[in-house]
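J.: Pasting the sequence and the predicted model now:
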Amino acid sequence: MVETQFRFRDDEPVADPAVTVDAFGDQTNAAAVRLEPGDDARDLLPYLDRLRLVEVNFPAWTDGRGYSAARVLREAGYAGELRAVGDVLIDQLSHLRRCGFDSFAPQAALDPADADAAFNRWPDVYQATGDGRPAIWAKRHGNGANG
Amino acid sequence: MYKYDQYDQEMVDTRVAEFRDQTRRRLEGHLTEEQFRPLRLQNGLYLQLHAYMLRVAVPYGTLSSAQMRMLGDIADKYDRGYGHFPTRQNIQYNWIKLEDAPDILADLASVEMHAIQTSGNCIRNISSDQYAGSAADELIDPRPYAELLRQWSSFHPEFLALPRKFKIAVIASKTDRAAMKLHDIGIEIVRNDKGEIGAAFYVGGGMGRTPMIAPLIREFVPLDQLITYSEACLRVYNRYGRRDNKYKARIKILVHELGKEEYTRQVEEEFTHLLTQGIEPPLAELERIKTYFVDPPFDLDAADELDRSDPDFALWVDNNCAPHKQKGYIIATVSLKPAGGIPGDASADQIRLMANLAKEYSFDELRVTHAQNIVYPHVRKADLHALWQKLEDAGLGTANLDSIGDIIACPGLDYCSLANARSIPVAQKISERFAAQDRLDQIGELKLKISGCINACGHHHAGHIGILGVDRKGTENYQLLLGGCEGADTSLGQITGPGFSEDGIVDAVEKATGVYLANKQEGERFLDTYRRIGMTPFKEAIYG
Amino acid sequence: MKILTGNDLKTGAVTWWDGSSWSLHVEDAVDVGEHSETIIAEEEAARRVISAYAIDATVTAEGVRPAHIKDRIRALGPTVRPDLTLKPSDPNAGNWVI
């Protein structure tokens, strides 16, 4: 299993291996699931109360379906770990973070200094994506809280 | 026009720093070409036939004279003394070095410009009506909505790895000058029965290999839901657009395969959900943006008469100028299509001259058009002759707007690595063949568009006469299309039959104009005659 | 014959494999026979070239001539701007392309 290189959570990581979406529906005790690009994240919404880890696989970083999957889960209230795995590269880190990912397990380890620069690249953001950061329009109009 | 505040400036400055870092990592070998390519594309940097090409965004086509002057300076400093205005309200430089690209982006940022998302599988530069804010027939200036969308779409983290590129146009006139229905999303700002302003959404249009006219999916989106509705349209596309085949990955294919009703149903469902997520900027933000698009200080007593005693000037006025909403003012277009010239090319000196004239005669403002020309949006009629004279002296006074000489042509095989045939030499030969003023007058409005490959950057599907260059067993071959049109009555051109050589296609175009002239009725343009009499007489003349 | 072409990573300039390095001039191109894949892999990994590929070419009285018009345009420059080609003082250089 590929190691989680960056994690922005304080809770204990889930030890269980993530199962496929198909298997997850049948295994009533499973707490970890792995979403492939073609899976529908909304299929997981009935099970949010028992989910503690969702791995979203990026077989190729140019396939952006996982970004929407992450936002769908966060918008539905999922608060567990959301881990990007696979072809996860430096220049996607800040965007993945903005979509709700809070842990990263790149298949090839990333340069820590470059990754740190990428996570901290954008001092401000144009959109509200539910990640807790106020959009620039919110700051302009005196609302520093997440709009 | 829009001015950056501290946040907008910080965003483009950050982007420059990010790209400088990416370039460094590429040059040092930390990024492979495969990893770097999408990153440089999202900064407008292509690898073309002879060198890197940089595409700089001109958001909704609006430029200040300082920005235009910078475009000229960049052409001298980093390129080979010229730039190319393509069909996407941008400018392209053909001879860029990778190691210079971060410095160019920094120079652009110093005048509130960028190359963000001018290529790649993301939301591209938002385009609009080149007469926005000036046109006599517009409901309202569409550019504040385009700017709102520009900010929303810039670095939108969910939509930077879409199935394919995504182009949005915003207009607010019934006369569609932006080919709105040939975009992935075409937005028309409209007024409803209650007198409220909102947006009509057309989704799933495009040119390319499978040209499609976008269907209307919602008649009225309230202005305080514009971003949320756009986000819903994009999310459905990002989740379900095809990724198995590059040529079927545009949203037009998704809308076509799902059907307009099912796509709309999915968007509405996503929209209902997203309305609860607080992603919409407040109307106060739109109002803030609108304050930058108030009318310039027009002279309300400006004389409405024009001295037409100079016949060359009168000709240019008739061909290249359009009515302005303000009495005493006019919209003037500079044709970048001299007979025998390269459509859309301008030298650094010409670019700087056009910039200076904007400062002197058009409240510091210019527009770039999708037809590869430059517009002065607010010229006092009393100043028009002086402006024209200075343009004429610099070789920029060609009076051929919307005529057969005002050809749209992609760069073609002279510059483009995707092209199958050269476009520019065909454009040059046609504009020379029809250079005589009496021929131009006789033929009148005729939009001729040339693409050097099936990707259709030269919009050949939408030309009254379209030309498509193909590779036939290693030699260039040109197909002829008739009857295409962008605008309110958008239609797609039909192929006449077998293709032609470079000289053959010029002859075929001449024969097609001959059929028009022999059959035209009072007041008919080429397109009208074609629509009335159909393809057959043209085929007979061309192949008979 | 088979020759190799690509672009310089830093400048983007069109280059041709001359047997030991990359030249700006197609007349320096050498026949690589069956070795194109090995050379491309090595040279791209060393970041001396990008987007490299092998093409068919012939040797004529005027030198090495790529089989396809696209590569002849790459070798010379844009046919519509003779002043920007590698042979700006030769008004007939464009004829070689066609």
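T.: Received, thanks.

J.: Tell me where chain A has strands.
T.: Listed in chain order, the strands of chain A (DSSP state E) span residues A:6-7, A:19-20, A:32-35, A:53-58, A:81-86, A:103-106.

J.: can you redo the ones you listed as CSV with mean neighbour count?
T.: (Glycine included, C-beta is placed from N, CA and C.) As requested, the strands of chain A are arranged in CSV below (neighbours: other Cβ atoms under 10 Å in any protein chain shown):
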stretch, mean neighbour count
strand A:6-7, 17
strand A:19-20, 15
strand A:32-35, 22
strand A:53-58, 24
strand A:81-86, 24
strand A:103-106, 20
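
J.: Let me know which of these is the nearest to chain C.
T.: In this view, these are compared for proximity to chain C by Cβ to the nearest Cβ, and strand A:103-106 is the closest at 21.3 Å.

J.: Using CSV, list the CA coordinates for the closest one.
T.: Taking only C-alpha atoms (Å, rounded to 0.1, in the frame of the first residue of the first chain), the coordinates of strand A:103-106 have been written out as CSV:
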residue,chain,number,x,y,z
SER,A,103,-4.8,13.6,3.0
PHE,A,104,-2.5,12.7,0.1
ALA,A,105,-0.9,9.4,-0.9
PRO,A,106,0.9,10.1,-4.1
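
J.: how about the strands of chain A in TSV, adding distance to B:Glu33?
T.: Below are these laid out as TSV (distance: least, Cβ to Cβ, whole Å):
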stretch	distance to B:Glu33
strand A:6-7	26
strand A:19-20	34
strand A:32-35	30
strand A:53-58	19
strand A:81-86	20
strand A:103-106	19
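
J.: Out of these, which gets the lowest mean score?
T.: For the strands of chain A, mean pLDDT drops lowest on strand A:19-20, to a mean of 93.

J.: Now find how far off-centre that strand is within its chain.
T.: Using Cα atoms, centre = their mean, to the nearest Å, we find the averaged C-alpha position of strand A:19-20 to lie 17 Å away from the chain's own average C-alpha position.

J.: quick one: contacts of that strand?
T.: The set of residues that contact strand A:19-20 without belonging to it, under Cβ atoms under 8 Å, 6 or more residues apart in numbering or on different chains, is A:Gln27, A:Ala30, A:Ala32, A:Val33, A:Arg34, A:Glu36.

J.: mind listing what's buried in the helix-or-strand element of chain B with minimal mean pLDDT?
T.: Lowest by mean pLDDT, DSSP states H and E among the helices and strands of chain B is helix B:437-443, with a mean of 94. Of the residues in helix B:437-443, those with enough neighbours to count as buried (16 or more other Cβ atoms under 10 Å in any protein chain shown) are B:Arg439, B:Leu440, B:Ile443.

J.: Kindly export that helix (C-alpha atoms) in PDB.
T.: Backbone C-alpha positions of helix B:437-443 (Å, rounded to 0.1, in the frame of the first residue of the first chain) are rendered in PDB as follows:
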ATOM      1  CA  GLN B 437     -13.100  48.200 -54.900                       C
ATOM      2  CA  ASP B 438     -15.900  47.800 -57.500                       C
ATOM      3  CA  ARG B 439     -15.800  44.000 -57.000                       C
ATOM      4  CA  LEU B 440     -16.000  44.400 -53.200                       C
ATOM      5  CA  ASP B 441     -18.900  46.800 -53.600                       C
ATOM      6  CA  GLN B 442     -20.700  44.500 -56.000                       C
ATOM      7  CA  ILE B 443     -20.400  41.500 -53.800                       C
END
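
J.: helices or strands next to it in the packing?
T.: Judged by 3 or more Cβ pairs under 8 Å, 6 or more residues apart in numbering or on different chains; DSSP states H and E, the packing partners of helix B:437-443 are helix B:502-519.

J.: wait, what's in contact with the closest residue to C:Val26 other than its chain neighbours?
T.: Once flanking residues are discounted, C:Val26 sits nearest to C:Ala75: 3.9 Å by Cβ to Cβ, 6 or more residues apart in numbering or on different chains. Remark: with contacts taken as Cβ under 8 Å, 6+ apart, C:Ala75 is in contact with C:Val14, C:Trp16, C:Val26, C:Pro66, C:Leu86.

J.: list the contacts for the closest residue to chain B within chain A?
T.: Proximity to chain B, evaluated over chain A using Cβ to the nearest Cβ, is greatest for A:Gly64 at 2.9 Å. Counting by Cβ under 8 Å, 6+ apart, A:Gly64 touches B:Asn121, B:Glu158, B:Phe159, B:Leu160, B:Ala161, B:Leu162, B:Asn238.

J.: Apply 6 Å and report the result again.
T.: Contacts were defined as Cβ atoms under 6 Å, 6 or more residues apart in numbering or on different chains; by that measure A:Gly64 touches B:Ala161, B:Asn238.

J.: residue ranges of the strands in chain C, please?
T.: Per DSSP E, chain C has strands spanning C:2-7, C:14-17, C:22-23, C:50-60, C:63-66. These are given in chain order.

J.: What of the stretch 51-200 of chain B?
T.: Assigned strands in the stretch 51-200 of chain B, in chain order: B:52-57, B:62-64, B:82-84, B:90-96, B:127-128, B:168-171, B:185-191, B:197-203 (criterion: DSSP state E, counting those that start in this stretch).

J.: Next: the stretch 251-400 of chain B.
T.: Counting by DSSP E, counting those that start in this stretch, the strands of the stretch 251-400 of chain B are B:321-323, B:329-334, B:345-347, B:365-368, B:374-380.

J.: Tell me which of those lies nearest to B:Thr529.
T.: Comparison of the strands of the stretch 251-400 of chain B against B:Thr529 by Cβ to Cβ identifies strand B:321-323 as nearest, at 23.9 Å.

J.: For the closest one, which helices and strands make contact with it?
T.: Packing partners of strand B:321-323 (3 or more Cβ pairs under 6 Å, 6 or more residues apart in numbering or on different chains; DSSP states H and E): strand B:329-334.

J.: Let me see the residues that make contact with the strand it packs on.
T.: Counting by Cβ under 6 Å, 6+ apart, strand B:329-334 makes contact with B:131, B:134, B:320-322, B:324, B:373-381, B:396, B:401, all of which sit outside it.

J.: next one: stretch B:16-35
T.: Under the criterion Cβ under 6 Å, 6+ apart, residues A:Arg121, B:Phe36, B:Leu39, B:Asn43, B:Pro102, B:Leu105, B:Ala106, B:Ala109, C:Arg47, C:Ile50 lie in contact with stretch B:16-35.

J.: neighbouring contacts of stretch B:528-537?
T.: B:Leu482, B:Gly483, B:Val515, B:Tyr516, B:Asn519, B:Lys520.

J.: Can you say which of the residues you listed are buried?
T.: Those of the contacts of stretch B:528-537 that meet the buried threshold are B:Leu482, B:Gly483, B:Val515, B:Tyr516, B:Lys520, by 16+ other Cβ under 10 Å.

J.: Pick out the most distant pair among the contacts of stretch B:16-35.
T.: Using Cβ to Cβ, the contacts of stretch B:16-35 reach their maximum pairwise distance at B:Ala109 and C:Arg47, which is 27.5 Å.

J.: wait, what's in contact with the closest residue to C:Pro78 other than its chain neighbours?
T.: Computed as Cβ to Cβ, 6+ apart, the closest residue to C:Pro78 that is not its neighbour in sequence is B:Asp414, at 4.1 Å. Residues near B:Asp414 by Cβ under 6 Å, 6+ apart: B:Arg422, B:Ile424, C:Pro78, C:Thr79, C:Val80.

J.: What is the neighbour count of the residue in chain A that chain C sits nearest to?
T.: When Cβ to the nearest Cβ is the measure, chain A has its nearest residue to chain C at A:Ala108, with 16.2 Å between them. A:Ala108 sits with 9 neighbouring residues when counted by other Cβ atoms under 10 Å in any protein chain shown.
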